[in-house]
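>>> Okay, here's the prediction I keep looking at, along with the sequence it came from:
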Amino acid sequence: MALRVRRDVWSSDDPWGDTLQWYERAVAKLKTLPLDDPRSWRYLAAMHGIDSATWQIHGYLKEGEKLPDLMETSWMQCQHTSWYFLPWHRGYLASFEAIIRETIVAEGGPSEWTLPYWNYNSSATDAKKLPVAFRSKFLSDGVTPNSLYVPQRYGVQSDGTIEFMEPRRISLESAFRQGEFTADLGGFGGPDTGFFWGAGNKAVGALEDTPHGIVHVLIGSAAVDEDPDLSQMGLMSHPRTAALDPIFWLHHANIDRLWDVWLNRDADNVNPTESRWVDGPPQHDRKFMFPTPSGSLKEVKVSQILSAEQLGYEYDDITDPLPDVKSIHSPKGAALGVEIMAEPSEFASNETGRIRLGGADSGEVRLRVDMQSAPDAAALESAALTESASVPRVYLTLDGIRASLGVPAFDVYVAAPAAAGGAVEHYVGTVSLFGVQDASDPEGLHGGGGLRQALEVTDAYYAVRGDDAAKDEVTVRFRKVGKKGSLANVSVGKVSLLKNP
Amino acid sequence: MRVSRVVLGLTVGGWAGMLASPIPVERWAACGDLSLELLLSISRQIADGPLIATVVIWSACMVLAMMAPGLVRPLAHIAAQSLPRRTNLLAACFIAVYTAVWFVAAFLLMLVAAQLVATVQTEAVALFVGLCGWYIWTCTPWQQLASIRAHAFSPLRSYGLKAVRDSCAFGFHHGLVCVASCWPLMLLPMLAGKFSFLGMALCTFAVAASRVQPKRRARWRRSGFLPTLMAAWLLVRVSLQCVVRACRSRPLATRLPSASVVKKGSS
């Protein structure tokens, strides 16, 4: 059977091309189905996550409407901070696409319909803007509501404009530098876990943070400046509401495509082969349950959704957008006959306990460097440091990130201490707070441990230490993204530098 | 990998320490033969006499044998959150405080076990009550919340005494939530009489298995397969004991050792 081709939503000159017109009609149809129908819009969204109070405020639940008891079976399944993040969302998208296609066919539409993806990293004009079809409240007749529009997309500029003005915040470089699918510090695809709903205190995978998490929060953001509750957050800002927004599916189709791009860009970039992953989730754990177009539910293992081809589709473009960025593969050793990766070790951290990230808009923390274990100063002399396998990679980790609602993300910079010319600072990445509310809940599934984020800072670290290798301090600065919220509401248990190996 | 080896070493070492101990296991763990008075008498003896070191070591071995499988993640957390040259020290601090918390808890549990046996007068019934208590506890939101908390670790500072303090606090907190989560489970070997070693082995398995159970939001719920499995095993055992007891038709009093016998054996 010929594979169906998923295409970039911006590849069509017509902002309301056939693909989106049929998508709009199918979404409108699914929104009319009852909540307990696995093909309904709300059921499909609840599979990712649901918060009944917020859903009710936004009109997705009627007052007093009874929820089916599905919270621990087919609802609340989304996998984040996990090596199942990519395969689970692939299966989820495939299931959604099949249901939408079936609906389109029933309406007289094309049987080869596929879900488009939104490639916001493309250099094409307007690619960083929300596709036109998702912006207008009504269809062209000016009367019929547009099912692709939701009002709860606030954007970081607070004016509802969705445009990624700073490309570095959604850059693929950090994700594509990862040569391992899974690693202690997240790797490309996320850390080794069991079935993992929500977000927890393991390091988020590089792709899951950027661009996945960043795009979520930059679209959703919040309606008010200070202390918004969940109902004042944009739908895309929170895992419990994200899949209610029709743009969610195009965003995740792009993330799914980037998985194929990563596999395609380097022969050594490979998926895990452990049976815990391939045959996952583990036997004793919750199952991946996806609805079929007939309305039944099907249990699925990772091995059944491992490749796009298995699921009957492919992408029109999986060429490498960053050929100059090399994937770095961790040196491996062996123990008891089993191949193992080198473990990262800490060599610098803040000396205080939990800290607030700053005042309203920015803040900084000083890390004390342990001179005995810091990467060898001799390595600083190498000109092509980051390409050399002999130079330890350096990561900045933020442990136990907790936050109330409000701040969508913050930029992170590394600088030398002020006395050593600390005015020069190096941007090392943007940390999204997607899922931080659930991760901060002490009664939540992960005990309120908060998020863990790891950023690769090898270049910046060596540059900063090169300024004054004898100084035992490094400064890390934080700046809030957008206008909403305050960094004073974001705290971190520990900021550290780790080297690997 | 390294942490797993350490934990395996602790488990094996703990079991070896117990098996090699000059103290008969039924004296300290098989509380089916204990009364509250007897236990208090023993505790006075060990507090006053040379046995204390042996008892402390034996108890530490018992805690490590049974609880070490649950220490893989906390020790990996310490390894990840410390400077490499200080990891061993901080891990030792954690283990010492964690073991101390369990040591205190184990002593209190022995009192509970002795009181339970004294109240119901029959070892088998005491075991059955303990089993029901454990099952009910696993159905409560409090046990589930303690279990969730046992998986959430706070960041640890790396430098100076603050690092030591954080590791000790981590050991104390982790010990408390483990006790809160597992205390009725730990009671069972103390009620299992001559089968206490088998009960402890099953507890070790149960602790390890609990670490891979699906995470679910805390609320009143029917417990999972493991308690059911254990319940089945213990019910079979209790039933067999009842049958054997009925066949022998011996009065209970003649099977309980006198205080003087225990005293002699423990000196």
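Happy to help now that I have it.
>>> which one is the residue of the stretch 1-150 of chain A found nearest chain B nearest to, not counting chain neighbours?
Closest contact between the stretch 1-150 of chain A and chain B, by CB to the nearest CB, is at A:Glu72 (6.0 Å). C-beta coordinates here come from the backbone N, C-alpha and C atoms, glycine included. Excluding the flanking residues, the one nearest A:Glu72 by CB to CB, 6 or more residues apart in numbering or on different chains is B:Arg216, at 6.0 Å.
>>> Let me see the contact set for the one you found.
By CB atoms under 8 Å, 6 or more residues apart in numbering or on different chains, the contact set of B:Arg216 is A:72, A:445, B:144.
>>> And the helices in chain B, which stretches?
Here chain B has its helices, by DSSP state H, at B:2-20, B:25-28, B:36-48, B:51-67, B:72-80, B:87-120, B:123-139, B:141-149, B:160-190, B:196-210, B:225-248, B:252-255, B:259-266.
>>> So, low pLDDT: which residues of the stretch 351-500 of chain A?
Counting by pLDDT under 70, the stretch 351-500 of chain A shows low-confidence ranges at A:377-390, A:405-406, A:418-423, A:467, A:469.
>>> can you rerun that using 80?
The stretch 351-500 of chain A contains residues with pLDDT under 80 at A:358-360, A:376-391, A:404-407, A:418-423, A:445-446, A:466-470, A:483-485.
>>> For whichever residue of it sits closest to chain B, which non-adjacent residue is spatially closest?
Nearest residue of the stretch 351-500 of chain A to chain B (CB to the nearest CB) works out as A:Gly447 at 2.6 Å. Spatial nearest neighbour of A:Gly447, chain neighbours left out: B:Ala152 (2.6 Å); criterion: CB to CB, 6+ apart.
>>> Would you mind listing what in the stretch 351-500 of chain A touches chain B?
A:351-354, A:368, A:370, A:372-373, A:399-400, A:442-449, A:493-494, A:496 (CB under 8 Å from any CB of the partner chain).
>>> Next one: the closest residue to A:Asn121 other than its chain neighbours from A:Gly205, what distance?
Nearest residue to A:Asn121 in three dimensions, chain neighbours excluded: A:Leu172, at 5.7 Å (CB to CB, 6+ apart). Per CB to CB, to the nearest Å, A:Leu172 is found 13 Å from A:Gly205.
>>> And these two? Which one has more around it.
Ranked by neighbour count (other CB atoms under 10 Å in any protein chain shown), A:Leu172 and A:Gly205 place A:Gly205 first, with 29 against 19.
>>> Tell me which residues touch that one, please.
For A:Gly205, the contacting residues are A:81, A:83, A:85, A:182, A:186-191, by CB under 8 Å, 6+ apart.
>>> Recalculate using a threshold of 10 Å.
Residues in contact with A:Gly205, defined by CB atoms under 10 Å, 6 or more residues apart in numbering or on different chains, are A:80-83, A:85-86, A:175, A:178, A:181-183, A:185-191, A:212-213, A:454.
>>> Neighbours of the residue of chain B found nearest chain A, how many?
Nearest residue of chain B to chain A, counting by CB to the nearest CB: B:Ala152, 2.6 Å away. By the criterion of other CB under 10 Å, B:Ala152 has 21 neighbours.
>>> now swap in B:Thr119 and tell me
With other CB under 10 Å as criterion, B:Thr119 counts 11.
>>> thought it was touching B:Gly130?
No - in this structure B:Thr119 lies outside contact range of B:Gly130 using CB atoms under 10 Å: 11.8 Å.
>>> Now A:Glu163. Nearest residue, chain neighbours left out?
A:Lys129 (4.7 Å).
>>> cool, A:Asp361 as well?
Using CB to CB, 6+ apart, the nearest residue to A:Asp361 is A:Lys480, at 5.0 Å.
>>> residues touching the one you found, list them.
By CB under 10 Å, 6+ apart, the contact set of A:Lys480 is A:156, A:357-363, A:406-411, A:486-488, A:490.
>>> burial of residue 80, as a residue count?
Unless you meant another one, I'm taking chain A. Residues within reach of A:His80, counting by other CB under 10 Å, total 28.
>>> Actually, chain B is the one I wanted.
Neighbours of B:Ala80 under the rule other CB under 10 Å: 24.
>>> Please report how far it lies from A:Arg4.
From B:Ala80 over to A:Arg4 (counting by CB to CB), the distance is 44 Å.
>>> was I right about the residue of the stretch 1-150 of chain A closest to chain B contacting A:Asp285?
No - assessed by CB under 10 Å, A:Glu72 is found out of contact with A:Asp285, at 11.3 Å.
>>> tell me, what's touching the two both at once?
B:Pro214.
>>> Let me know the distance separating A:Tyr120 from A:Glu163.
9 Å.
>>> Give me the common contacts of those two.
In contact with both A:Tyr120 and A:Glu163: A:128-130, A:218, using CB under 10 Å, 6+ apart.
>>> Farthest pair within those residues?
Greatest spatial distance among those (CB to CB): A:Lys129 and A:Leu218, at 12.0 Å.
>>> hey, what's in contact with both of the two?
Counting by CB under 10 Å, 6+ apart, the contacts common to A:Lys129 and A:Leu218 are A:120, A:162-164.
>>> May I see those arranged in a markdown table, with secondary structure and neighbour count as well?
Shown next, in a markdown table, are those (DSSP: H, G, I helix; E, B strand; the rest coil; neighbours: other CB atoms under 10 Å in any protein chain shown):
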| residue | secondary structure | neighbour count |
| --- | --- | --- |
| A:Tyr120 | coil | 25 |
| A:Ile162 | coil | 25 |
| A:Glu163 | strand | 13 |
| A:Phe164 | coil | 21 |
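>>> quick one: pLDDT of the nearest residue to B:Ala16 once chain neighbours are set aside?
Computed as CB to CB, 6+ apart, the closest residue to B:Ala16 that is not its neighbour in sequence is B:Cys61, at 7.9 Å. Note on B:Cys61: pLDDT of 79.
>>> okay, now B:Cys61: neighbour count?
Around B:Cys61 there are 21 residues (other CB under 10 Å).
>>> in terms of contact, does it touch B:Gly13 like I think?
Yes - if you go by CB under 10 Å, B:Cys61 and B:Gly13 touch, sitting 7.4 Å apart.
>>> Would you mind giving me the confidence score for the closest residue to chain B within the stretch 151-300 of chain A?
Residue nearest to chain B within the stretch 151-300 of chain A (CB to the nearest CB): A:Asp285, separated by 4.9 Å. pLDDT recorded at A:Asp285 is 85.
>>> contacting residues around it?
Here A:Asp285 is in contact with A:193-196, B:212-215 (criterion: CB under 10 Å, 6+ apart).
>>> How about A:Leu498?
Per CB under 10 Å, 6+ apart, neighbours of A:Leu498: A:184-185, A:343-349, A:392-397, A:454, A:457, B:80.
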